[in-house]
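A.B. asks: mind looking at a prediction? Sequence and model below.
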Amino acid sequence: MPPFRTTTPALIFASAVLLSAAVASVAQNVYTQDMDRSIKPGDDFYHYANGGWLRSVTIPGGQTSYDTRAILKEKTGQQVRDLIQDAAAGQQVGGSVKQKVGDYYASFVDEKGIEARGLAPLAADMAMIAAITNKASLSAYLGTTLDTEVDGLTSNSDHIFGVWVNQSFQESEHYVFHLLQGGLGMPDRDDYLDPSPKMVELRALYRAHIAAILKLAGVADSEAKAGRILALEIRIAQAHAPDSDGVDVFKQNNPWKRADFAAKAPGMDWNAYFKSAGVSEQPEFIVWQPSAVTGISALVGSEDIDLWKDYLRFHLVEHYSSVLPKSVGTEDFGFYGTILSGVQQPPGRSESAIVATNAALGQAVGQLYTQRYFSPEAKAKAEAMVADLITAYRARISNLTWMSPQTKEKALAKLAALRIGVGYPDKWIDYSTLEIVRGDAFGNMRRAEAFNRASNLAKLKGPADPGEWRIDPQIVGAIIVFTPNTETFSAGLLQLPFFDSDGDAASNYGSAGAGIAHEISHSFDELGNIYDAQGRIGNWWTAEDTANYHAATAKLATQFDSYCPFSDLCVNGKQVLNENIADLAGLRTAHDAYVLSLKGKSDVEIGGLSGEQRFFLAYSQRWRKIQSEAALRRQITTDTHAPGEYRSDTVRNVEAWYKAYGIAPGDKLYLKPEDRAGIW
């Protein structure tokens, strides 16, 4: 498992009905109107909790499913769109965050201005490429293209290498340069290497795309040059590590010293490369894919300089296609949008501008978003809930039967060191030195890239910050970074009906609390057990722990094997086991935390439901989803997450649910105590 884990589907739950009818009760986040009380909760809890909603919604045209994730993303997207467009429409204070956000957006949608400039903004870079005459100058130019990735998810960027600045796998006090493979214009190495007729055809279409871009850039003999560029990318792909290596942290962990590059990867002038990249003094590196570094470096040394120059011209135009004339953007979408993704119509210019502004000024937009939609009081409420979850986990870990005493000590030390961020960072990125000029879309993109790159590389000169914020607040999602030991939950995620700082605590803990607790559990299961309290790799479970854990999970796998939505297709309990274990851990721990939050008092009744009943109701409502039969079959066959209906049935393993709803023998969901899964 790599040292990061992005997540959205397991954490998000909303609905159109929920969002429009969230005033039905005393608390806005209690959704009794979406229930079907004619169904006995012990027979079908999912439809008891969600029957009204399931009857009232339909799948939107052109989609195969409709769930809380899509709805909440749409809601948040509209919020962000309004903020950015408001900033663009008004006269803002010069140098302010609002001015930069507004002017970036306004420049991006200024298609007439972009058209008038043509390809002139590329002139300086084209001149630099033309001036390349040897391996040293080629290596120097390649150094200027280094991608500074912030999440470690670079696989095939349109520059030959990417960097993720993060602590190493062995030492947590300092940042180190993580070097990742890149250089391919198509998404996957198999797009280049797969001999099937379908992929042969795709490569022909990509070659035609390369030729079209070169022709638009005024490059002579574009057809022949496109063939040679494709051949070069095929050789780059042959050097790339397979995708399967990307999920094996032990294959990623390849420490190299600065001097190792010349010996292990000859061909590139590494002195020239690192100097122009701005990291000539960096002594240590983590090379995630040594074969790619070695192979690409060899190609720099062996391939014709003019071929590399044509390759660079193509990728330069491709990289900036969004801020170049419409003819370039249309050709770019024709390949990447229609051919690769099957999308027939490009997004509107304003939609693309919102995406671009978020990409360039993520935390600037985040500041505007949280000022309006996520108050300091909401952050404090969410942090209090997290504190209760940590307290509950401390007790549960201490009482685990499958962990040895020495392993419990390590688990508790890791829990104590775990840093969980909610909403937004305590310290924002300072954008004061970034110049954004209205009417200069290309220049704004270039300057924003340079700013973000310099900011990332500057971290190499200081100690590692375990509190570093890892996700923009306006994104609907969360991220776990095992190295270091951190988890972050965005403000975009922590909103109605997932979380309401002024709403019902039982519902908050049953929904947001269970989701956060689900993710916390991954730091202590088979995903997280290879990372210690500081995020350094090394298994901290004993062999006996592992054996006991697997034995404890068998009941849960068997339960899910029994869920068969079709006569010819059942859920694969082993395939979805890791996520189901996390669901159970999250549900049980969130319930403990809810009880802690009451501080010994009894909760009130709302909508005819006790606090205990509302807790489990909210848990089930987070899983609601409608989807086509084909989509459901595809999920069961390929996904590591079970369908929501069956994830809702995790309640069958929790004694408090039986008490809350009076579940008894004879009810269809009833499980004998000895058949209920424990684990956490």
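C.D. replies: Ah, there it is. Only a predicted model underlies this, so the values are computations on that prediction, with no experimental measurement involved.
A.B. asks: grab the nearest non-local neighbour of Ser398.
C.D. replies: Leaving aside its sequence neighbours, Ser398 sits nearest to Lys408 (C-beta to C-beta, 6 or more residues apart in numbering; 6.5 Å). C-beta: built from backbone N, CA, C; applies to glycine.
A.B. asks: let me know the pLDDT of the one you found.
C.D. replies: Here the pLDDT value assigned to Lys408 is 97.
A.B. asks: again with the one 3 residues further on
C.D. replies: pLDDT recorded at Ala411 is 97.
A.B. asks: hmm, back to that, A helix includes the residue nearest to Ser398, no?
C.D. replies: Yes - counting by DSSP: H, G, I helix; E, B strand; the rest coil, Lys408 falls inside a helix.
A.B. asks: against Ala120, how distant is it?
C.D. replies: 65 Å (C-beta to C-beta, to the nearest Å).
A.B. asks: who has more neighbours, the two?
C.D. replies: Neighbour totals were compared for Lys408 and Ala120, and Lys408 leads with 15 against 10 (other C-beta atoms under 10 Å).
A.B. asks: ok, now how distant is the more buried one from Leu400?
C.D. replies: Distance of Lys408 to Leu400, given as C-beta to C-beta: 7 Å.
A.B. asks: quick check: the residue nearest to Ser398 touching Trp402?
C.D. replies: No - using C-beta atoms under 8 Å as the test, Lys408 is too far from Trp402 to be in contact (10.2 Å).
A.B. asks: and Val422, what element?
C.D. replies: Following DSSP states H and E, the helix or strand that holds Val422 is strand 419-423.
A.B. asks: what's next to that strand, contact-wise?
C.D. replies: Under the criterion C-beta atoms under 8 Å, 6 or more residues apart in numbering, residues 370, 374, 378-379, 382-383, 386, 390, 466-467, 469-470, 473, 484-491, 494, 516, 520 lie in contact with strand 419-423.
A.B. asks: would you list the buried entries among those residues?
C.D. replies: Of all these considered here, the ones buried according to neighbour count by 16 or more other C-beta atoms under 10 Å are 370, 374, 378-379, 382, 386, 390, 466, 469-470, 473, 484-491, 494, 516, 520.
A.B. asks: next step: those restricted to strands.
C.D. replies: In this view, these that belong to strands under DSSP state E are Thr486, Glu487, Thr488, Phe489, Ser490.
A.B. asks: so who does the fourth one touch?
C.D. replies: When you say that, I think you mean Phe489. Per C-beta under 8 Å, 6+ apart, neighbours of Phe489: Leu11, Ala382, Ile420, Gly421, Val422, Gly423, Ala478, Ile516, Glu519.
A.B. asks: please repeat the previous calculation with a cut-off of 6 Å.
C.D. replies: By C-beta atoms under 6 Å, 6 or more residues apart in numbering, the residues touching Phe489 are Val422, Ala478.
A.B. asks: in space, what's closest to Thr133 - neighbours in sequence excluded?
C.D. replies: Thr133's closest residue in space is Ile305 (C-beta to C-beta, 6+ apart), at 6.9 Å.
A.B. asks: and what of Thr558?
C.D. replies: Excluding the flanking residues, the one nearest Thr558 by C-beta to C-beta, 6+ apart is Gly573, at 6.2 Å.
A.B. asks: what's the neighbour count on the residue nearest to Thr133?
C.D. replies: By the measure other C-beta under 10 Å, the count of residues near Ile305 is 14.
A.B. asks: so how far is Asn134 from it?
C.D. replies: From Ile305 to Asn134 the distance is 7 Å (C-beta to C-beta).
A.B. asks: what's the answer for Arg207, then?
C.D. replies: Plainly put, Arg207 is 28 Å away from Asn134 if you go by C-beta to C-beta.
A.B. asks: touching, the residue nearest to Thr558 and Ala557? I think so.
C.D. replies: Yes - if you go by C-beta atoms under 6 Å, Gly573 and Ala557 touch, sitting 3.5 Å apart.
A.B. asks: Ser65 bridge partners, please.
C.D. replies: On the basis of DSSP bridges, Ser65 takes part in beta bridges with Gln627.
A.B. asks: thought Trp256 was touching Val287?
C.D. replies: Yes - contact criterion C-beta under 6 Å: Trp256 and Val287 qualify, at 5.1 Å.
A.B. asks: who has more neighbours out of those two?
C.D. replies: Using other C-beta under 10 Å as the criterion, Trp256 and Val287 rank with Val287 on top: 24 against 18.
A.B. asks: list the contacts of the more buried one.
C.D. replies: Val287 makes contact with Leu179, Asn254, Trp256, Val293 under the criterion C-beta under 6 Å, 6+ apart.
A.B. asks: for Ile480, phi and psi?
C.D. replies: phi -110, psi 130 (degrees, to the nearest 10).
A.B. asks: what number of residues lie near it?
C.D. replies: Using other C-beta under 10 Å: Ile480 sits among 24 other residues.
A.B. asks: strands of the stretch 201-350 of the chain, residue ranges please.
C.D. replies: For the stretch 201-350 of the chain, the strands defined by DSSP state E, counting those that start in this stretch occupy 255-257, 284-287.
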